[in-house]
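A.B. asks: Coordinates for the following, if possible.
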Amino acid sequence: MRRHLVWVVLVVTGACAGGGGPSSADVRAAAENFSGIVAEVDAAWNSGSLDAMRAVFTEDVIHHDDSSLNHFEGIDAILAMASTLFPRLDGNQTTSPVFVGEEAGVGVSGTDGVLGVTRATDEGPLEEVDVFETRDGRVAYWRPFFADERFSEGGSLSAAYAAAWSSGDAEAVGLLYSPGAVREDGLFGDRAEGRQAVVRSAGEFFDRHPAASWELMVGYGDVGIYTDPAARGGIFGVTAPGPGDQPCRVEVAVVFETDDQGILQESIYYEPDSLVACGWVD
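C.D. replies: As a prediction, the model looks like this:
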């Protein structure tokens with residue numbers, strides 16, 4: 001099983017309320033801190049050791065998976081799952097890079113269906129996208145999603161999201177959201193509650209980053225048992241004027257929940273090196 005991971009990591013970075021945002025030093029420190037946790041998680045899965053697994057998860061860890069209807073609470077349940085999976089893993093899990101936000105995280109890995117979830121098409125290994133929350137240097141919450149071509153094709157919610165945020169039209173962005181939507185960008189201290197607040201937030205983004213273009217790199221969601229899968233977000237490349245007004249690309253990860261009227265809750269995270277290089281932090 002191919003185990004190349006891309007972790008989207010939400011860690012406390014000292015972001016300021018009111019949109020002040022962190023410094024580049026804050027972002028780099030946050031990324032370095034979580035990289036250590038990620039390396040320990042990699043090593044635990046590669047070791048085949050239950051003691052190593054126990055060391056990287058909290059005693060009250062929660063694992064919730066809508067795609068396979070698996071919900072586990074507590075370290076003993078995680079260790080039981082690991083005992084089942086270890087014989088089928090190749091011990092080659094690696095991680096690169098991290099995305100920063102606040103107090104949680106996401107990862108992308110290749111899998112051949114070892115977890116019982118397979119791709120609906122024959123387009124290669126299914127990619128797993130893991131949402132993590134951390135506490136005291138350990139993983140306290142783990143929720144997996146899966147990347148599938150259906151989440152990235154034209155007309156999908158993830159593709160529509162990229163198109164709307166590329167349009168420069170804040171009202172077009174608002175149409176993607178439920179009336180009671182909550183949009184959080186913890187890194188920059190931005191929280192929008194309600195569709196009209198999201199519209200205002202989109203307008204402020206367009207003012208800061210005129211002509212920004214969003215490209216969907218990976219769309220993901222709940223698959224497996226579902227005939228109609230539920231989208232949960234994507235990883236995007238955002239190209240906008242950077243230093244010297246030259247085009248510069250920031251990589252962004254988005255996780256959202258939906259209802260029958262659109263996106264209900266959304267969180268945004270950033271790849272730190274691109275964020276700093278493009279001058280989005282001081």
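
A.B. asks: show me where the chain has helices.
C.D. replies: Secondary structure of the chain by DSSP state H: the helices cover 24-47, 50-56, 75-85, 157-166, 170-174, 195-208, 272-277.

A.B. asks: Check which residues of the first one are buried.
C.D. replies: Of the residues in helix 24-47, those scored as buried under the neighbour-count criterion (16 or more other C-beta atoms under 10 Å) are 24, 26-31, 33-35, 37-38, 40-42, 44-46. Yep, even glycine has a C-beta here, placed from its N, CA and C like the rest.

A.B. asks: that older thread, can you flag the weakest of the helices of the chain by average pLDDT?
C.D. replies: Mean pLDDT values for those show the minimum at helix 24-47, a mean of 85.

A.B. asks: can the helices of the chain go into a markdown table with extra columns for distance to Ala253?
C.D. replies: Listed next are these as a markdown table, based on distance: least, C-beta to C-beta, whole Å:
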| stretch | distance to Ala253 |
| --- | --- |
| helix 24-47 | 13 |
| helix 50-56 | 21 |
| helix 75-85 | 24 |
| helix 157-166 | 12 |
| helix 170-174 | 18 |
| helix 195-208 | 16 |
| helix 272-277 | 12 |
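
A.B. asks: who wins for proximity to Thr134 among those?
C.D. replies: helix 24-47 (6.2 Å; C-beta to C-beta).

A.B. asks: which other helices and strands contact that closest one?
C.D. replies: With contacts defined as 3 or more C-beta pairs under 8 Å, 6 or more residues apart in numbering; DSSP states H and E, the packing partners of helix 24-47 are strand 4-10, helix 50-56, strand 94-99, strand 138-147, helix 272-277.

A.B. asks: rerun that using 7 Å as the cut-off
C.D. replies: strand 4-10, helix 50-56, strand 94-99, helix 272-277 (3 or more C-beta pairs under 7 Å, 6 or more residues apart in numbering; DSSP states H and E).

A.B. asks: Centre of the chain to it, how far?
C.D. replies: With C-alpha atoms, centre = their mean, to the nearest Å as the basis, helix 24-47 stands 15 Å off its chain's centre.

A.B. asks: Report the angle between it and helix 75-85.
C.D. replies: Counting by axes from the mean of the first three to the mean of the last three C-alpha atoms, to 10 degrees, helix 24-47 lies at 60 degrees to helix 75-85.
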